[in-house]
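Enquirer: Starting from these lines, generate the structure:
(one chain, ligands or ions: 1)
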Amino acid sequence: MTVSLSVADLMHKPAVVVSDGVTLAAATKVLDEANVGAAAVLDSAEHLVGMVSERDLLRSVGHGIDPATAPVADVMTRDPVTLSIDDPVAKAMEIFRERRFRHLPVLDGDRVAGILSIRHVVRVAHIEDVQPAGSAPSGLAPRGLEGVAVAETSVGDVRGEQGFFHYRGYNATELARRCSFEQVWHLLVEGDLPDERQLSDFTARAVAARRLPEGIADLLRGIAVLPNYTALSALRSAVSITAAALGSQPTLDLTAGQVRTDCLRIASLVPVLLMRLHRHHRGLPPVEPDPELGYAAAYLQMLTGERPSDRAARALEQYLILTMDHGFNSSTFTSRVITSTGSDIGSALTGAIGALAGPLHGGAPSRALAMLDAIGTPDRAEAYLRTEIQAGQRLMGFGHRVYKTDDPRSTLLRDVATELGGPQVEFARHVEATALRVLEELKPGRRLYTNVEFYAGVVMNSVGVPRDMFTPTFACSRTVGWTAAIAEQAANNRLIRPSALYVGPPAPRELPEGYGAALAASHVTTR
Ligand code: ACO
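Expert: Got it, this is the predicted structure:
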């Protein structure tokens, strides 16, 4: 039915337009008054230069952009895909499906004649004909919940456009530059930076909590020799068993204080579990954590059996602080969903590690190092990087979904790596500079910068963390963020239970005539 219509039949006309110089606040007013989800953005010659949608506005507010001063040109989609007034609806459907847009400007010559919304098309078609992947029919949140705020949090936030993220309002990179792991841990879980007395009490509790519960040591030995061992899945299993052995109770039955106490105990144990697994797997005896050492130094001491240098411990500590939390990421959301059922902290952390394990989330800092290995020497960098990009490959450690400017974590980790020094760091800096130049040339306008993974691998490698322990190390620091999220969810809980839009065969369906009768009879007798 839809294929016989043209877009002119369905589009909103005349098009709602704004000029590229107006502020976000003014554009919002225009959308509001016209009751539409998007407007075409025109330059002073009234030519189309972009599209701005409610989603862009929402995202910009989420990124801390001031709507009263920022111009629409900063957030709009530039040079949008357009339709022509005579195009069939089928063509629009194809674009909606392939490109995941929700609004398309319709041109009559070089003038904007109207705007076609996915809703205009869905209204006249069967849903399976027109629902584009990634776009949401009305009532359905966008795929991947992109741009949708699903909770309130005071733990922290990420402002991608500004290259800024914070923990409870404090710039996270400044915290990493100036504070200890324990200070920031206290900030995230207890809600504020500790004074001296609070810090020494908190640290003493964290150190005391490193003791394994009864029976766990033997189980760890067993897990470490299972076939197909990987450090992260072993850690996931160990966290689950350990939390159970600690008597992890449903958060629904605990006070806020009890939840935070349980969070501290399990977060203190996570690196202990990981290092035991690691050493058993390599046939080495486990190393007890030195109670004199803080989190980061003890981490390296349990790994190698030796007290690390202050420089190495501090470099790792800065990496760990930088990766404790990062907005409402998938594993943090997972931990909150599980907590929202009233379940225990062990379950929430086990689920969060499971979410982190996915390649789309936990990343693989080792991939950036693998790229450095593949390049080998500085003189090969340029040719290697060009060939990769020209072959459609991604350079590992560059680009980010949220950061369209320097990733603040990479900026600090570059400094940390530089301070550690050494030939690998020099080489990495050369490769980074070459990659940024080549990306700018071959992928202009994509805003591709160094991401956290590039120097994370270099820093961990420099302080002696083996490659297969990169993501598990990330899991240890992120446990702090997860526990902060768990405590926040438990303190103000509502079951997270969304719904889905059913798109299967029309219901109710009739079972085929006679189906199941014979089975039901034999089932009773044979069981
Ligand atoms: N190298 C070369 N080109 C790139 C890179 C890269 N690293 N990243 C993006 N691009 C290009 C894409 O090819 C695309 O080009 P095109 O317009 O010619 O098609 C354009 O930039 C936009 O790419 P998207 O896929 O839209 O970017 P997206 O935001 O989806 O991707 C991601 C972000 C996945 C991080 C991507 O930049 C990437 O794959 N980077 C390499 C892997 C990496 O470093 N991952 C770790 C990320 S940090 C973390 O997760 C903790």
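Enquirer: Restrict stretch 243-252 to CA atoms and write it as CSV.
Expert: Provided in CSV are the C-alpha atoms of stretch 243-252 (Å, rounded to 0.1, in the frame of the first residue of the first chain):
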residue,chain,number,x,y,z
ALA,A,243,29.6,-13.6,47.9
ALA,A,244,27.6,-16.7,48.7
ALA,A,245,30.2,-17.8,51.3
LEU,A,246,30.1,-14.3,52.8
GLY,A,247,26.4,-14.8,53.3
SER,A,248,25.4,-12.1,50.9
GLN,A,249,21.8,-11.2,51.7
PRO,A,250,19.1,-9.8,49.5
THR,A,251,19.6,-6.0,49.5
LEU,A,252,15.8,-5.7,50.0
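Enquirer: Identify the residues contacting that stretch?
Expert: In this structure, residues lying in contact with stretch 243-252 by Cβ atoms under 8 Å, 6 or more residues apart in numbering are 213-216, 258-259, 262, 265-266, 339, 342-350, 486, 489-490, 493. All C-beta atoms are positioned from the backbone trio N, CA, C, and that covers glycine.
Enquirer: mind listing what's buried in that stretch?
Expert: When burial is assessed from 16 or more other Cβ atoms under 10 Å, stretch 243-252 yields the following buried residues: A243, L246, S248, T251.
Enquirer: Just list the residues touching the closest residue to the ligand within the stretch 251-400 of the chain, thanks.
Expert: Nearest to the ligand in the stretch 251-400 of the chain, going by Cβ to the nearest ligand atom, is G399, at a distance of 2.1 Å. Neighbouring residues of G399 by Cβ under 8 Å, 6+ apart: R446, L448, Y449, N451.
Enquirer: What does the pLDDT read for E317?
Expert: Per-residue confidence at E317 stands at 98 (pLDDT).
Enquirer: For it, give its distance to A238.
Expert: As judged by Cβ to Cβ, to the nearest Å, E317 and A238 stand 23 Å apart.
Enquirer: coming back round to it: switch the buried residues of stretch 243-252 over to a markdown table, and while doing so, append secondary structure and pLDDT to every line.
Expert: Below are the buried residues of stretch 243-252 laid out as a markdown table (DSSP: H, G, I helix; E, B strand; the rest coil; pLDDT from 0 to 100):
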| residue | secondary structure | pLDDT |
| --- | --- | --- |
| A243 | helix | 98 |
| L246 | coil | 97 |
| S248 | coil | 93 |
| T251 | helix | 98 |
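Enquirer: can you tell me which two in the residues you listed are farthest apart?
Expert: Farthest-apart pair in those is L246 and T251; separation 13.7 Å (Cβ to Cβ).
Enquirer: Could you check how far the residue of the stretch 251-400 of the chain closest to the ligand is from T434?
Expert: In this view, G399 and T434 are 16 Å apart by Cβ to Cβ.
Enquirer: Surely S60 is in contact with V75?
Expert: Yes. Here S60 reaches V75: they are 4.4 Å apart, a contact under Cβ atoms under 8 Å.
Enquirer: For the protein, give me the ranges with low pLDDT.
Expert: Filtered on pLDDT under 70, the chain yields the residue ranges 1-4, 62-63, 98, 123-138, 363-365, 522-527.
Enquirer: before we move on, back to that, any idea which of the contacts of G399 is the one closest to L187?
Expert: Nearest to L187 among the contacts of G399 is N451, at 24.6 Å by Cβ to Cβ.
Enquirer: residues contacting the closest one?
Expert: Contact analysis of N451 by Cβ under 8 Å, 6+ apart lists G397, F398, G399, H400, Y403, D407, R409, S410.
Enquirer: ok, what's across the strand from the second one?
Expert: Using DSSP bridges, the bridge partners assigned to F398 are T450.
Enquirer: residue contacts, it?
Expert: By Cβ under 8 Å, 6+ apart, the contact set of F398 is A435, L436, L439, L448, Y449, T450, N451, F454.
Enquirer: Nothing else from me, thank you.
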